[in-house]
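S.K.: this one's structure only:
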C-alpha cells in the first residue's frame, strides 16, 4: 500500500488526499492511516492540503518501480606473486563458492571510495584503489529464467595487510565462474567511468 502511494510521486510533485484516494482506489480510513504513517516517519510532508515527498525521500525515486532492477556491484582484485585474494561467500547466490571480495556502492560514493570502504568494512582490510579494469553485465539463470542481474565493476587494489591468497588454477572448481573469467581475462585491462554530478 505504502509503495503504491509513493509511486504516485514519480509523476506528481504534490498531491491532495482526494487525488491519492482516486488513484489508489483505497478506502479513505485505510489511506489516511498509511498517509499518517508515512508523514510521521518523515517519508512524506504535509503542507496545507498537499502531500509531497520529503527531501530525504527524493533519493527513493529511482527505486519506486515494480520492475526488478539489476544491481551494480564492485568486485575487488588484490594480487600477489601470481596469486589472488578470494573470500568464501556466505550469502546466496553462490553461497560457499570462492569469490572476489565485493559489495554495493553507497549513494554519493565514487568507485575509489567505495572500494576502500567495502574492503575495510566487510573484511577489515586497508587497501588503496588502483584502477577500474572492466564493467560487465552478469545474468544468473536457474533452469528456466534469469533470476539475478548484476553490473560487475571489476577494480584492482593494493594492500600491505597480510591476506590469504589463492592459486587460481588450483581453485578453479571452487570459484564463481564469472569471477574466474574476469580474473583470467580482465586484470590487465583498464577502463574509465566518468563521475557526472548534476542538479535535480
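M.R.: Received the coordinates, thanks. Keep in mind that what you see is a predicted model, and the values were worked out from it rather than measured.

S.K.: roughly how far does residue 167 sit from residue 160?
M.R.: The spacing between residue 167 and residue 160, counted by C-beta to C-beta, to the nearest Å, is 21 Å. In short, each C-beta sits where N, CA and C put it, glycine included.

S.K.: typo on my end, it should be residue 118
M.R.: Residue 118 sits at a distance of 18 Å from residue 160 (criterion: C-beta to C-beta).

S.K.: okay, now the unreliable bits of this protein?
M.R.: 61-66 (pLDDT under 70).

S.K.: which residue ranges make up each domain of it?
M.R.: What the record gives for the chain is the domain set 2-56, 71-186, from automatic domain parsing.

S.K.: quick one, phi/psi of residue 190?
M.R.: phi -150, psi 140 (degrees, to the nearest 10).

S.K.: er, residue 32 actually
M.R.: Residue 32 adopts backbone torsions of phi -60, psi -40, taken as degrees, to the nearest 10.

S.K.: could you dump the domains of the chain to JSON lines with distance to residue 192 and mean neighbour count?
M.R.: Shown next, in JSON lines, are the domains of the chain (distance: least, C-beta to C-beta, whole Å; neighbours: other C-beta atoms under 10 Å):
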{"stretch": "domain 2-56", "distance to residue 192": "32", "mean neighbour count": "14"}
{"stretch": "domain 71-186", "distance to residue 192": "7", "mean neighbour count": "16"}
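
S.K.: and of these, who's closest to residue 198?
M.R.: domain 71-186 (13.3 Å; C-beta to C-beta).

S.K.: the closest one: how far from the chain's middle?
M.R.: On the basis of C-alpha atoms, centre = their mean, to the nearest Å, domain 71-186 sits 14 Å off its chain's mean C-alpha point.

S.K.: next, the distance between the ends of it.
M.R.: 20 Å (C-alpha to C-alpha, to the nearest Å).

S.K.: shouldn't residue 112 be within a helix?
M.R.: Yes. Per DSSP: H, G, I helix; E, B strand; the rest coil, residue 112 lies within a helix segment.

S.K.: how much space separates it from residue 55?
M.R.: 28 Å.

S.K.: before we move on, the earlier item: tell me which of the domains of the chain sits nearest to residue 200.
M.R.: Comparison of the domains of the chain against residue 200 by C-beta to C-beta identifies domain 2-56 as nearest, at 10.7 Å.

S.K.: any idea how far apart the tips of the closest one sit?
M.R.: 16 Å.

S.K.: list the beta-bridge partners for the spatially most central residue of the chain.
M.R.: With distances taken as C-alpha atoms, centre = their mean, the residue of the chain nearest its centroid is residue 104 (4.1 Å). Taking DSSP bridges as the rule, residue 104 bridges to residue 73.

S.K.: touching, it and residue 75? I think so.
M.R.: No. Judged on C-beta atoms under 8 Å, residue 104 makes no contact with residue 75 at a distance of 11.1 Å.
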